[in-house]
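*Asks:* coordinates only, sequence not included:
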């Protein structure tokens, strides 16, 4: 049985993890009998969005606490996680990946990554763990792996602006449709566009299921 970490960035597409993407990834892993552990950094969210109106709310929330909603309370602090305990790690998308795990949503090509998140991703890359990144999360991966000089090959779909930023980070962007994946064999990476392109949850599900399938297959190599 493969052990896979799923790293969340809150709860809700506009200020945290994209819930559909997170649940679809966890479901796909469970259907393949992988042992899943859900992790999140113990940090403040950038802000809180009212998902009914799109307005910013005058309150603060914690990424770990919010992520625990998706994890049904069973969640670990990313700072305490040891990459060596896992065969693979998967990062769902949602604006939280670009607002909380890093500040790409604000600074774009000049973005910084949360130190705990960056250390975890770097350790996974160095340990040759298989990494899966979904939706906008490949931009986070490109920032970390590009800075390390690894030249990651990833996809966020077909958006030229975001693709350009990935190239600026030192990555290689490959266009991909919602039900497909891009595989970087050299760095052991799998990425899929999900809601960067998808309009229907059924379309997004196909790409995420293929990502999970590919991640687990790569764990065998």
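*Replies:* Yep, that arrived. Remember, it's a predicted structure, so these values are computed and weren't measured experimentally. Residues are numbered from 1 along each chain as shown.
*Asks:* So in terms of bridging, what pairs with the residue positioned nearest the centre of the chain?
*Replies:* A centroid search over the chain (Cα atoms, centre = their mean) returns residue 91, at 2.4 Å, as the residue closest to the centre. Under DSSP bridges, the beta-bridge partners of residue 91 are residue 133.
*Asks:* Skip the chain neighbours and tell me the closest residue to residue 47.
*Replies:* Nearest residue to residue 47 in three dimensions, chain neighbours excluded: residue 56, at 5.4 Å (Cβ to Cβ, 6 or more residues apart in numbering). (Glycine included, C-beta is placed from N, CA and C.)
*Asks:* what residues are up against the residue nearest to the centre of the chain?
*Replies:* 6, 7, 9, 97, 101, 131, 132, 133, 134, 137, 140, 141 (Cβ atoms under 8 Å, 6 or more residues apart in numbering).
*Asks:* do the same with residue 209
*Replies:* Contacts for residue 209 (Cβ under 8 Å, 6+ apart) come out as 24, 28.
*Asks:* Go through this protein and flag its longest helix.
*Replies:* Criterion DSSP state H: the longest helix present in the chain is helix 201-219.
*Asks:* Relative to the whole chain's centre, how far out is it?
*Replies:* Computed by Cα atoms, centre = their mean, to the nearest Å, the chain-centroid distance of helix 201-219 equals 13 Å.
*Asks:* repeat for stretch 147-161
*Replies:* 13 Å.
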